[in-house]
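Student: Give me coordinates for this.
(one chain, ligands or ions: 1)
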Amino acid sequence: MAASLVFRLHDRGPEVVREVLLERGWEEYDQEKREDEDWNLYWRGSAFRNSEYHNLLPWQRLNHHPKTVGITRKDCLARNLRRMRATFGSALYDFSPTAFILPNDYTRFLSEYHKLRLTRGPSAYWICKPVDLSRGRGIFIFQDIKDLVYDCSVIVQRYVSNPLLISGYKFDLRIYACVKSFHPLTVYVHQEGLVRFATEKYNLSSLHNLYAHLTNTSINKFGPFYKTEKERVGQGCKWTMSKFRHFLHSQDIDELLLWQRINRIVTLTLLTIAPSVPSCPNCVELFGFDILIDVKFKPWLLEVNYSPALTLDCQADITVKKGLIGDLIDLMNYTMIDSLREKAYHRRGYTQPCFRANHPSHVSIPVLSKFKETKFQKRRNGSPSPQTLPLIKTLEKMNQRQSRQHAFVADYQRHLPPVDLDETHASRGRIVDTTANKTHTDRKTLNLILSPHSRTKVSVVNRQTCPALAPRLADNRSPRLSEVTDHDATEIEAETELARETDVSSSIRDIPHRGLGFRPSKIPNIYSGSHRPVKMERTTALNRKHIPPLRVGDFIRTFPFNTATLRASQHQLDVKIVIQELHRVTAQLATSGSKLRREEKEVKKDGEEDFDSLLWGPKEPPLLSQLFKPT
Ligand code: ADP
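Tutor: Have a look, this model is predicted:
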């Protein structure tokens, strides 16, 4: 019988992740019954420790990349966007309301405040938010500086006072973006997000009424009108994105431009941190982007949530979040071999040394797990005697080394197309030979290292590529309502992350050569620091297998979005080129109008490979190329 995949949830949550994984036949990790490393997915609301990244084994994935606090904490986001604005121009980075980090920026804020007072009178509004809190806690809106009172670090931001309203109610959009990889940058945006409403009508003369000005569910579900049937909005305070799209259509609003702009916000925001996030191929990150639309249909970025809330408070939550998690698991692209965990990798060690190379230390490495004392044995045997302690310690050290070797090899394998278990011997030989004998200028080898999506592309299971599974996936969304609870608490304060993450990158960069007797610079480990890129010659032609799949379930690939951005992200991310391309594509879309032009095809330059990119948004999003006028 095939082994199951195993998930581990920190602090028993979130429930929807458990539910989706159990429905898919996964097993939950039980500390009492399993070895420490016997799991495939570890899901945490808060950040992982450095050691957890360093000790990651080939079959294991984590739901966070390290060092993403640069966009998930309000002050860091403000600072990073300001830096990007200074470098690339305020016209490009104009999607977030001007913000000041207080107390540091107090003088600058004061001067801006007075400037606006002079030009606009008292009609400028500000919102004050504690930098490290979430769920609307500690937020207030003010017009007059005398009302600005704070006792912790806050950001004061221009209040977008002309939001688009639906029947008088303010709302914002929760967009889910998944960074599948930071190196190369690969981003997916989920089509099914949430629309979150305030539960009282918007009114600028009652700035203190949080039920009218804030759209957080954690606030509005305690409002007096939460359960009331509200005009057009209905009961509660959430819509699915599909419902919102129907609404836009009913108003004859052309939504393509809106989605394209939101898409651009997601990309530009991620670009602020992408070059500095260390590479960790076994991690994914699900971000929650909060976007407010104003009356002119301009989308504004309010904040980026680390560990967006996954509570099921209402039917819209169930529909959106269950589908989202299912698609995220598909995006992680587990294959059969992952379910074998340690066994498969150790068996591989028996039949073939990890590095059957010219290098003497690679020859015939013993499989030490044979000697490894399991938890159960430990329990059975009681404490080791003082005489055996040194031996156990030596064995443990050897084991650690052994695991890392496996990690190195498997890092290669993770980047390979999927293989049937029966084929593993053949493939193994290839991997080992390539690793050991050839230099990284060998094109084939380079492709193996640098094409993490080749496997994803082939084996991904989703409603498009595996229709047989579609009904089952759809069934996963069956309703199971939780009581309205304060579970938005799962939306994590970035503060925790910051504390834990301090210095992740430096420690990662400094991971010493592991003493395995081979040259580490030649072999990427599972957690290769971004500052230690694999050296390679730039290849002019890109193979199609570098191209991540267009969509996985309802996740649409939004980056890379054309050949140039694919190239610019393959090695060290070239932010300038990406920005140039964003400009180019946006301009092209603008001149073409956003109406779909199915009959028109993108004119390809000589030698340019096929590169399809969907415009995220409508249920059946058009290809970007279909929107361009022929040039
Ligand atoms: P939190 O992390 O506490 O949820 P947010 O920045 O998301 O903080 O703000 C909470 C809510 O306040 C948002 O969902 C939105 O409704 C409102 N809000 C925040 N910033 C602004 C702004 N600059 N203009 C208008 N409304 C805002």
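
Student: Enumerate the residues of the protein near the ligand.
Tutor: Contacts of the chain with the ligand, taken as C-beta under 6 Å from any ligand atom, map to 97, 127, 129, 133-137, 139, 157, 159-160, 172, 214-216, 290, 292, 302-303. (C-beta placed from N, C-alpha, C; glycine too.)

Student: Which of these are buried? Put it as a ChimeraX command.
Tutor: Burial among the residues of the chain next to the ligand is assessed by 16 or more other C-beta atoms under 10 Å; the matching ChimeraX selection reads:
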select :97,127,129,133,134,135,136,139,157,159,160,172,214,215,216,290,292,302,303
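
Student: So residue 564 sits against residue 577, correct?
Tutor: Yes. Using C-beta atoms under 8 Å, residue 564 is in contact with residue 577, at 6.3 Å.

Student: Spatially nearest residue to the residue of the stretch 301-450 of the chain found nearest the ligand, not counting backbone neighbours?
Tutor: Closest to the ligand within the stretch 301-450 of the chain is residue 303: 4.0 Å, counting by C-beta to the nearest ligand atom. Of all residues not flanking residue 303 in the chain, residue 290 sits nearest, at 5.1 Å (C-beta to C-beta, 6 or more residues apart in numbering).

Student: Please apply the same query to residue 125.
Tutor: Residue 125 sits nearest to residue 159 (C-beta to C-beta, 6+ apart), 3.7 Å away.

Student: List phi and psi for the one you found.
Tutor: When read as degrees, to the nearest 10, the backbone of residue 159 gives phi -80, psi 130.

Student: so who does it touch?
Tutor: Residue 159 sits next to 97, 125, 126, 127, 141 when contact means C-beta atoms under 8 Å, 6 or more residues apart in numbering.

Student: picking that back up, who has more neighbours out of residue 564 and residue 577?
Tutor: residue 564 (19 against 14; other C-beta atoms under 10 Å).

Student: Is that one located within a strand, as I assumed?
Tutor: No. Residue 564 is assigned helix when assessed by DSSP: H, G, I helix; E, B strand; the rest coil, not a strand.

Student: Note down every partner strand of the longest strand anywhere in the chain and its orientation.
Tutor: Longest strand of the chain, by residue count under DSSP state E: strand 169-182. Using DSSP bridges, the strands paired with strand 169-182 are strand 165-166 (antiparallel), strand 185-190 (antiparallel), strand 194-197 (antiparallel), strand 285-293 (antiparallel).

Student: so which of the ones you listed is the most packed in?
Tutor: strand 185-190 (a mean of 26; mean count of other C-beta atoms under 10 Å).

Student: How many residues are close by residue 622?
Tutor: When neighbours are defined as other C-beta under 10 Å, residue 622 has 17 of them.

Student: shift numbering so it begins at 59
Tutor: Right, with 59 as the first residue, what we last looked at is residue 680.

Student: ok, it to residue 313 distance?
Tutor: 12 Å (C-beta to C-beta, to the nearest Å).

Student: got a list of what the residue nearest to residue 361 touches?
Tutor: Here residue 348 is in contact with 230, 231, 232, 233, 359, 360, 361, 362, 363 (C-beta under 8 Å, 6+ apart).

Student: okay if I get the residues you listed as TSV plus pLDDT?
Tutor: What follows is these, written out as TSV (pLDDT from 0 to 100):
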residue	pLDDT
230	98
231	98
232	98
233	98
359	98
360	98
361	96
362	97
363	96
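
Student: Residue 260 contacts residue 270, correct?
Tutor: Yes. Judged on C-beta under 8 Å, residue 260 makes contact with residue 270 at a distance of 5.5 Å.

Student: Find residues that contact each of those two.
Tutor: residue 228.

Student: Validate this expectation: residue 614 resides in a strand.
Tutor: Yes. Under three-state DSSP, residue 614 falls within a strand.

Student: per-residue confidence at it?
Tutor: Residue 614 carries a pLDDT score of 96 in this model.

Student: Need the nearest residue in space to it, chain neighbours excluded.
Tutor: residue 674 (4.3 Å).

Student: Just the pLDDT for residue 395.
Tutor: Per-residue confidence for residue 395 comes out at a pLDDT of 76.

Student: how close does it get to residue 98?
Tutor: 11 Å.

Student: cool, and residue 333?
Tutor: 29 Å.

Student: neighbour-wise, which of these two wins?
Tutor: Taking other C-beta under 10 Å, residue 333 and residue 98 do not tie; residue 98 has more neighbours (22 against 15).

Student: sorry, back to before: inside strands: which ones of the residues of the chain next to the ligand?
Tutor: Using DSSP E, the residues of the chain next to the ligand in strands are 185, 187, 215, 230, 348, 350, 360, 361.

Student: Can you verify my assumption that the first one contacts residue 196?
Tutor: No. Under the criterion of C-beta under 8 Å, residue 185 lies out of contact with residue 196, with a separation of 11.2 Å.

Student: where does the chain have low pLDDT?
Tutor: 59-60, 400-603, 650-667, 686-689 (pLDDT under 70).

Student: now the strands for the stretch 59-208 of the chain?
Tutor: With DSSP state E, counting those that start in this stretch as the criterion, the stretch 59-208 of the chain has strands at 64-67, 85-86, 99-101, 119-120, 157-160, 184-188, 198-200.

Student: For stretch 293-311, measure first residue to last.
Tutor: The first and last residues of stretch 293-311 sit 24 Å apart, counting by C-alpha to C-alpha, to the nearest Å.

Student: what comes into contact with it?
Tutor: Under C-beta under 8 Å, 6+ apart, the answer for stretch 293-311 is 224, 229, 231, 249-257, 273, 275, 278-279, 281, 284-287, 291, 313, 316, 355, 371-372, 374-375, 377-378, 676-677.

Student: Same check on stretch 321-330?
Tutor: In contact with stretch 321-330 (C-beta under 8 Å, 6+ apart) are residues 128-129, 135, 138-139, 141-142, 150-151, 153, 233, 235, 237, 243, 245, 247, 347, 349, 357, 359, 362, 616-617, 619, 631, 633, 636-637, 640, 644, 673-675.
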